[in-house]
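Undergrad: Sequence and predicted structure, then a few things I'm wondering about:
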Amino acid sequence: MYSFKKLIKSNEGFSLIELITVIGVFSILGIIALPRFLEVIQRAEKVIAANSISSIKIECESNNSLGRNLIFTPSNLIGYDFDNEDSNKCTGNENFSLVSIIPEDLKTQPSFFYNFISGEISCSYEGSEATQFPECKKIPLSEREKQRCGDIGDWSKAQKFLQAGHSYLDRDNDGEACEALGRKSNKPEIGEITIKDCYDGDTCTSSEGEKIRLACIDTPELKGKNANKIPAEEARDFLNQLVANKKVSIKWITKDRYGRTVAEIYKDGTNIQELIVKKGYGKIYKRYSYQCEWAKWIDIYFTVIYKF
């Protein structure tokens, strides 16, 4: 009877050492080639998305000149998705007035935007800057002109630079840039506004037309690929019942990539965002939870059953 070792070393096949060597070589080649392969895929995804937003612009402008319906034909995307809650309208959705194509990987891929009113196509990276469309390359911090708090001169502008990736402006890493610019505490400005109505459970419009995105929470989507209509309507109705056509206190935090005001709103001393989460109509948006003090501890002290 042949031993296992003799069987492996049969003249009709590889020896064990040869087999291990071959596997090792292929493994090394795979490790070397994989990053390059992934880079090629990402580049292809970016090109497809850029071509798609260009085609949308052409189709929308053509339909407008011919007096046709202002809609476009969505293309099949890879690694990207349309962020339009109003599907294929050239005018974009009610909140942003933009046709938006958003990547699955926000850290490495650019988002693309088409503004039907201005006819402009733009692109951006999360936490960084980008060259102009269609190149849309990410600009490393080392290639950007460094900003100084004294030259910026305004606290709100400094926060925008921080969002764009100028992290050196936040010396104590507390999420606030250039604290000395007239803002000695890290508490945002507080004022009063009147809410006209709320589009969904986390987005409202003021009586002056300002779009307000409630900070630190996320509620179900009404429309789009990830729509969950029933709980979304419940969240919207709950929020409208609390603040629609009413004067509220607002704590300004920042602006998001769509130009909306990100803020906390209060009614009669009640934090509306926190109430939405506690009542189960939304959840903490953990990615931005650092913006709200209550969101930092509510996960620890409350067990919230979400409706989506």
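TA: Yep, that arrived. Residues are numbered from 1 along each chain as shown.
Undergrad: what helix or strand does residue 237 sit in?
TA: Using DSSP states H and E, residue 237 maps to helix 229-243.
Undergrad: Can you list the helices and strands that that helix packs against?
TA: strand 190-198, strand 261-267, helix 272-278 (3 or more C-beta pairs under 8 Å, 6 or more residues apart in numbering; DSSP states H and E). (Glycine included, C-beta is placed from N, CA and C.)
Undergrad: Show me what counts as buried in it.
TA: Buried residues in helix 229-243, counted by 16 or more other C-beta atoms under 10 Å: 231-232, 234-236, 238-240, 242-243.
Undergrad: try stretch 284-295
TA: For stretch 284-295, using 16+ other C-beta under 10 Å, the buried residues are 284-285, 288-289, 291-292, 295.
Undergrad: What about the residues you listed, which are in helices?
TA: Here DSSP state H is the test, and these give residue 295 as lying in helices.
Undergrad: what's the helix or strand hosting residue 251 in contact with?
TA: Assigned by DSSP H and E, residue 251 belongs to strand 246-255. Residues outside strand 246-255 that contact it (C-beta atoms under 8 Å, 6 or more residues apart in numbering): 159-160, 163, 187-195, 212, 215, 261-267, 272, 291.
Undergrad: Each with direction, which strands does that strand pair with?
TA: Here strand 246-255 has these sheet partners by DSSP bridges: strand 190-198 (antiparallel), strand 261-267 (antiparallel).
Undergrad: Tell me the first helix or strand C-terminal of the first one.
TA: By that I understand strand 190-198. Where DSSP H and E defines the elements, the next helix or strand beyond strand 190-198 is strand 203-206.
Undergrad: by contact count, what packs against that following strand?
TA: Strand 203-206 sits against strand 190-198, strand 211-214, with contacts defined as 3+ C-beta pairs under 8 Å, 6+ apart.
Undergrad: export these to TSV and tack on distance to residue 23, mean neighbour count and mean pLDDT?
TA: Putting these into TSV (distance: least, C-beta to C-beta, whole Å; neighbours: other C-beta atoms under 10 Å; pLDDT from 0 to 100) gives the following:
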stretch	distance to residue 23	mean neighbour count	mean pLDDT
strand 190-198	59	16	91
strand 211-214	52	22	93
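Undergrad: give me every residue that touches residue 124.
TA: Residue 124 sits next to 110-111, 113, 130, 257 when contact means C-beta under 8 Å, 6+ apart.
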